[in-house]
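> 3D model of this:
(chains A and B)
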Amino acid sequence: MGINYLYPPFEIIRNQDRCIACRVCERQCANLVHHYDEDKKRMTADESLCVNCHRCVSLCPTRALKIVKTDHTFKENANWKTEVIEDIYRQAQSGGVLLASMGTPKEYPVYWDKMLINASQVTNPSIDPLREPMETRTYLGKKSAKITRDGEGRIITSTTGQLKLDIPIMFSAMSYGSISYNAHKSLAMAASELGTFYNTGEGGLHKDFYQYGKNTIVQVASGRFGVHPEYLNAGAAIEIKMGQGAKPGIGGHLPGSKIGEDISATRMIPLHADAISPAPHHDIYSIEDLRQLVYALKEATRYTKPVIVKVAAVHNISAIASGIARSGADIIAIDGFRGGTGAAPARIRDNVGIPIELALASVDQRLRQEGIRGNVSLVVGGSIRSSSDVIKAIALGADAVYIATSALVALGCHLCRTCHSGKCNWGIATQNPELVKRLNPEVGSQHLVNLLTAWNHEIKEMMGGMGINSIEALKGNRLMLRGIALHETELKILGIAHAGQ
Amino acid sequence: MKRIYVNEMWCLGCHLCEYYCAYANSGIQDMVKALKDKQIQARITVEQRGTISFAVNCRHCTEPLCIKSCIAGAITSKDGVIVIDQSRCVLCYSCIMACPYGALMPAREGVMQKCELCTTNSQGQPACIQGCPNKAIVFEER
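Now for the predicted structure:
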């Protein structure tokens, strides 16, 4: 076995005065941390197995448990930090790529937190959303730049393939396979109730979920899993996934152990075969190739559905977006580098890509300069954490936002970042039937509906404060934003003035 | 009448309902004091085999066999809720023999006990429902 250089990162503190030995912690931990000692007649724990997911803490009826960070330490070193040393130990032992899940935990600047929102005072009135109309409905898709009239002089208002969103927030792509059946069902039910959309991710659409089709965005990714004509026509829009914020430039790998019967049928791949998404689409090497796929998909759906092209936020994103806007796509989705994932190489997740705030600002600016902003709608994702992030994104130029991590947190995710283990104690990132059933979609979808209803109230309040009564009037309204503690280059890219100016 | 129903599809076999039941009927304010180092006396039982589990308690039958079998007249129906007058129970176990659900059991004090939908304690509504983490137990009209 050799020497284990790694000391467990967490300690499980059990208040034995409060523990009633009901053993719910033992029964609910898929990592087998807790057990009952018959001789001592008390619960004990093996903290080396703990991933700090809080399942036991949340279910303990007497609040006898808490998890704390160990204070075991290396000799302090600002350069060789604990996690750096431990990662080297891990790789020296395994010889493998370090895997990680969810968004990067590294301390990069969060520009949402460095922008402040305006409010009306004296010279223009603020609006009370409880007394006056306040519109949070928005439409995604190509907007015609010219007014055209029919023979009688009436304006032709028909626009092809628009997505109607009652709130400017959609659930972003998470495949059935990376998340559970019940997690998918919760998202589908919530999207239906909220009048917005959820996204199948690259794993196809389970036959049970065709009923939520009008609130579904179906994705076509490099693996083309589960893509067939019925699938393309089942959703309200089709998304071509070129990249993902958490792992730009690389593909995906769903291990064969997760490919059970349902997933195998949905993805149209053999049972227990690894599902490997290539890094590129092998038929796309240029904007012209992308255009071919966009039109192939439009052809397959008789030009009734908008096509979204999703890319990761990387260097030169504005040039890339400009190309996409000319490819015939109706919507561009940009995923920032803080976005989540079910599994990614840690080094890529933590070091590749750029923040969504900067990508969004430069793309919106570039498309405006080129006069093609109306060709496409812009949707951004990659760590939208609250209603104020939504407001800031829209003011920077987004038409709507994608949320996924926030949605999973609403479903019970505690961001323990071990999705890749497949043992999610909250029934989200797992395919183990015993764990999947821990997420009752009736409860899950209600939490999602509650979250977005609350955000919508807050969005209305903040818009009202600015004297703005519709999402349309807020879009790209960068005068409503001021930067704080940002240097000149950052302000220039964001296209905003500093607070006080 | 509102009754307790279980949905085995969502039951996780965590047994929390049993602990919340025992606590609710203990008459003690503090859960730790009520349950620590004690054999709990729950009126709801999680039945489990393999991966299937569900909680069983009194069905509050419209034709309760327990009432018919009770030789002491201790079990009665109060607006549909089947309740037991423990002061009259003679612990003959006839009700145990009669109940097809195994919903009655001896209490610590040497008399029978059963689920009374938390109408006789301070809970207001059944404690098992409130304690279930996955809505596997519901209290509703059907």
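
> so what does the closest residue to A:Asn456 other than its chain neighbours look like in phi/psi?
Using CB to CB, 6 or more residues apart in numbering or on different chains and skipping the chain neighbours, the partner closest in space to A:Asn456 is A:Ile167 (5.0 Å). For the C-beta atoms, the positions are set from N, CA and C on the backbone; glycine is no exception. The phi/psi pair for A:Ile167 (degrees, to the nearest 10) reads phi -130, psi 150.

> my read is that A:Ile167 contacts A:Leu452, right?
Yes - look at A:Ile167 against A:Leu452 with CB atoms under 8 Å: they come within range, at 5.9 Å.

> which one's more surrounded, those two?
Each of A:Ile167 and A:Leu452 has its neighbours counted (other CB atoms under 10 Å in any protein chain shown); A:Leu452 has more, 28 against 20.

> remind me, longest helix of the chain?
Went with chain A since none was named. Ranked by residue count and defined by DSSP state H, the top helix of chain A is helix A:441-465.

> actually, chain B is the one I wanted.
Longest helix in chain B, counting by DSSP H: helix B:16-24.

> just to revisit the earlier point, which residues belonging to the longest helix of chain A are considered buried?
Using 16 or more other CB atoms under 10 Å in any protein chain shown as the burial criterion, the residues of helix A:441-465 that qualify are A:441-449, A:451-452, A:455-456, A:459-465.

> chain center to the longest helix of chain B: distance?
Centre-to-centre, helix B:16-24 and its host chain are 10 Å apart (CA atoms, centre = their mean, to the nearest Å).

> go through it and flag the buried ones.
Residues B:16-24 are the ones in helix B:16-24 that count as buried (16+ other CB under 10 Å).

> same check on stretch B:88-108?
For stretch B:88-108, by 16+ other CB under 10 Å, it's B:89, B:94-96, B:98-99, B:103-104, B:107.

> if we can go back for a sec, look up how far chain B lies from the residue nearest to A:Asn456.
A:Ile167 is 26 Å from chain B, where distance means CB to the nearest CB, to the nearest Å.

> show me the contacts for the residue in the stretch 301-450 of chain A positioned nearest to chain B.
In the stretch 301-450 of chain A, the residue that lies nearest chain B is A:Asn440 (4.8 Å; CB to the nearest CB). Shown in contact with A:Asn440 (CB atoms under 8 Å, 6 or more residues apart in numbering or on different chains): A:182, B:10, B:134-136.

> now, the residues you listed that are in helices?
A:Asn182.

> report the buried members of the contacts of A:Asn440.
Among those, those classed as buried by 16+ other CB under 10 Å are A:182, B:10, B:134, B:136.

> coming back round to it: who touches both of A:Ile167 and A:Leu452?
Common contacts of A:Ile167 and A:Leu452, defined by CB under 8 Å, 6+ apart, comprise A:194, A:196.

> skip the chain neighbours and tell me the closest residue to the residue in the stretch 151-300 of chain A positioned nearest to chain B.
Nearest residue of the stretch 151-300 of chain A to chain B: A:Asn182, at 9.6 Å (CB to the nearest CB). Distance criterion CB to CB, 6+ apart; nearest residue to A:Asn182, sequence neighbours excluded, is A:Leu439 at 4.2 Å.

> what pLDDT does that neighbour get?
For A:Leu439, the model assigns a pLDDT of 97.

> now A:Ile147
Per-residue confidence (pLDDT) for A:Ile147: 85.

> from memory it sits against A:Ile155, does it?
Yes - counting by CB under 8 Å, A:Ile155 is a contact partner of A:Ile147 at 5.8 Å.

> ok now do A:Ser322, which residues does it touch?
Counting by CB under 8 Å, 6+ apart, A:Ser322 makes contact with A:366-367, A:370, A:372.

> that one should be in a strand, yeah?
No - secondary structure of A:Ser322 (DSSP: H, G, I helix; E, B strand; the rest coil): helix, not part of a strand.

> do you know the pLDDT at it?
97.

> count the residues that sit near the closest residue to chain A within chain B.
Nearest residue of chain B to chain A (CB to the nearest CB) works out as B:Leu35 at 4.3 Å. Neighbourhood size, B:Leu35 [other CB under 10 Å]: 23.

> the closest residue to it other than its chain neighbours and A:Leu32, how far apart?
Spatial nearest neighbour of B:Leu35, excluding adjacent residues (CB to CB, 6+ apart): A:Ile20 at 4.3 Å. In this view, A:Ile20 and A:Leu32 are 21 Å apart by CB to CB, to the nearest Å.

> please apply the same query to A:Pro133.
Using CB to CB, we find A:Pro133 at a distance of 55 Å from A:Leu32.

> give me the more crowded residue out of the two.
Ranked by neighbour count (other CB under 10 Å), A:Pro133 and A:Leu32 place A:Leu32 first, with 11 against 8.
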